[in-house]
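Participant: Below is the sequence, then the predicted model.
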Amino acid sequence: MDNFSAARGSTRIAIVYHSGYGHTRRQAEAVEAGVRDVAGVEALLLPVENVDQHWDDLNSAQAIIFGAPTYMGAASAPFKTFSEATSRTVMAKGYLWKDKLAAGFTNSGARSGDKLSTLIQFALFAAQHGMHWINLDLPPSNSSSTGSEGDLNRLGFWLGAGAQSNTDEGPETAPPESDLATARHLGKRVANAALQFARGRDVVSAAA
Ligand SMILES: Cc1cc2nc3c(=O)[nH]c(=O)nc-3n(C[C@H](O)[C@H](O)[C@H](O)COP(=O)(O)O)c2cc1C
């Protein structure tokens, strides 16, 4: 979907991401698929390069999920450019993202690769906007003799979804299915949380 539908009423979730070579795009598409698993929710998959045509879509979303590859131990530069732009386009206009839900995902070449730094960067970015951070909620796996590379959350993150793409493989085969399933889990979790928040807010405002 290129834009959210004009009809109000559904719960809207935007996935804003950067991908230099396509691997993180696969992860972003998996997050989108997880969002779409939940009825009553609309998903918008938005590369950071297109964000200037979509500030209104982001402002109307109930949740925004941030994604970027980890480059040099941090979110990639195009994602950082987007995040800095929000100071002018979102904060300065009255903290337009306050009380939205937020979550994040990142992909890199090494199994750790300092991906945690990128997830922390996303959580701080969300906090600066007054957003509510949704974590991954999957037990870390692949940490015992019975674990495997096929496990959900095989890389063992709590804060968001991690993926690992071998640097000699293209996006058609990397990241592996276990990391894409982990990303789908994050999308579904955020979609369910966004529905709970939206319905809870309706109840609170009806009672006020
Ligand atoms: C400039 C640059 C810096 C990178 N830095 C890291 C890093 O800090 N940690 C890591 O594990 N991989 C690093 N990588 C590997 C990428 O994270 C990896 O290839 C990833 O799959 C790229 O995702 P993309 O195809 O979405 O751009 C780096 C790659 C580039 C091009």
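Facilitator: All right, it came through fine. Numbers count the residues shown, from 1 in each chain.

Participant: isn't residue 127 right up against residue 121?
Facilitator: No - contact criterion CB atoms under 8 Å: residue 127 and residue 121 do not qualify, at 10.9 Å. The C-beta positions use only the backbone N, C-alpha and C, and glycine is treated the same way.

Participant: got a list of what the residue nearest to the spatial centre of the chain touches?
Facilitator: Of all residues in the chain, the one closest to the mean position by CA atoms, centre = their mean is residue 65, 2.9 Å from it. Shown in contact with residue 65 (CB atoms under 8 Å, 6 or more residues apart in numbering): 13-16, 31, 35, 102-105, 186-187, 190.

Participant: residue ranges for the strands of the protein, please.
Facilitator: Along the chain, the segments classed as strands by DSSP state E run 11-17, 41-47, 63-71, 74-75, 101-108, 132-133, 161-164.

Participant: Just put those in CSV and tack on distance to residue 147 and mean pLDDT.
Facilitator: What follows is the strands of the chain, written out as CSV (distance: least, CB to CB, whole Å; pLDDT from 0 to 100):
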stretch, distance to residue 147, mean pLDDT
strand 11-17, 28, 98
strand 41-47, 31, 97
strand 63-71, 23, 99
strand 74-75, 28, 98
strand 101-108, 20, 99
strand 132-133, 27, 98
strand 161-164, 15, 98
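
Participant: Using TSV, lay out these together with distance to the ligand.
Facilitator: Below are the strands of the chain laid out as TSV (distance: least, CB to the nearest ligand atom, whole Å):
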stretch	distance to the ligand
strand 11-17	8
strand 41-47	11
strand 63-71	3
strand 74-75	8
strand 101-108	3
strand 132-133	23
strand 161-164	8
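
Participant: just so I know, which of those lies nearest residue 143?
Facilitator: For residue 143, the closest of the strands of the chain is strand 161-164, at 13.8 Å, according to CB to CB.

Participant: Show me what the closest one is in contact with.
Facilitator: So strand 161-164 is contacted by 23-24, 27, 31, 104-111, 113, 115, 119, 136, 153, 155-156, 174-176, 179-180, 182-183, 185-186 (CB under 8 Å, 6+ apart).
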